[in-house]
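S.K.: Need a 3D model of the following:
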Amino acid sequence: MKSVQIQKKDGVTYSHVPEIGGTILVPLFYKHLAELMEAGHCTFQTFNRVTDTSQGIIAEIDNKIVGFGIFDHKKGEEELFDVFIYVDPDYRQRGIFVQLQNGLLTYAKNNKVDYINSFISIKNEVSIKAHRKMGYDLFISEYLPEFYQYIHSTY
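M.R.: Next up is the predicted model:
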């Protein structure tokens, strides 16, 4: 998998994967998304957002992926779309979600992205709690009322 290490913190290596096509992230994404869809935490629309050129930020411990975030951003655009963040339940409460979000924010700042846009199912209590803990203001989406939306400025 072609990746660029961003940082190592508390035994976790964080890396940026510029294109997820042909990497383990695609099957991992579909596996975890299917689990979340079954639990009613996301919808089929999330599948449509991911392409081979989507990017990822991964968290690894001893070469095992314990968390990842997938996002879309086309060079030169001012918006980045945060498609999906997942942390293995066995590795939660270790700051991995925060570091994945920070990696996303660092990427956005380095690429002159003005804001990050994301949707979270109103049923996904784990994700809602994690986003609120980071201080994000969540509001019900006017386009998708079964989702919270947050738009995070990179400034």
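
S.K.: what's the neighbour count on residue 101?
M.R.: The number of residues packed around residue 101, counting by other CB atoms under 10 Å, is 21. To be clear about C-beta, it is placed using only N, CA and C from the backbone, and glycine gets the same treatment.

S.K.: Would you verify that it is located in a helix?
M.R.: Yes. According to DSSP: H, G, I helix; E, B strand; the rest coil, residue 101 belongs to a helix.

S.K.: Contacts only, for it.
M.R.: For residue 101, the set of contacting residues under the criterion of CB atoms under 8 Å, 6 or more residues apart in numbering consists of 69, 85, 134.

S.K.: again, but for residue 9
M.R.: By CB under 8 Å, 6+ apart, the contact list for residue 9 reads 95, 99.

S.K.: distance of it from residue 61?
M.R.: Here the criterion is CB to CB, to the nearest Å. By it, residue 9 lies 11 Å from residue 61.

S.K.: before we move on, the earlier item: got a PyMOL select line for the buried ones in the contacts of residue 101?
M.R.: Selection of buried members from the contacts of residue 101 for PyMOL, criterion 16 or more other CB atoms under 10 Å:
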select buried, resi 69+85
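
S.K.: No further queries at this time; thank you.
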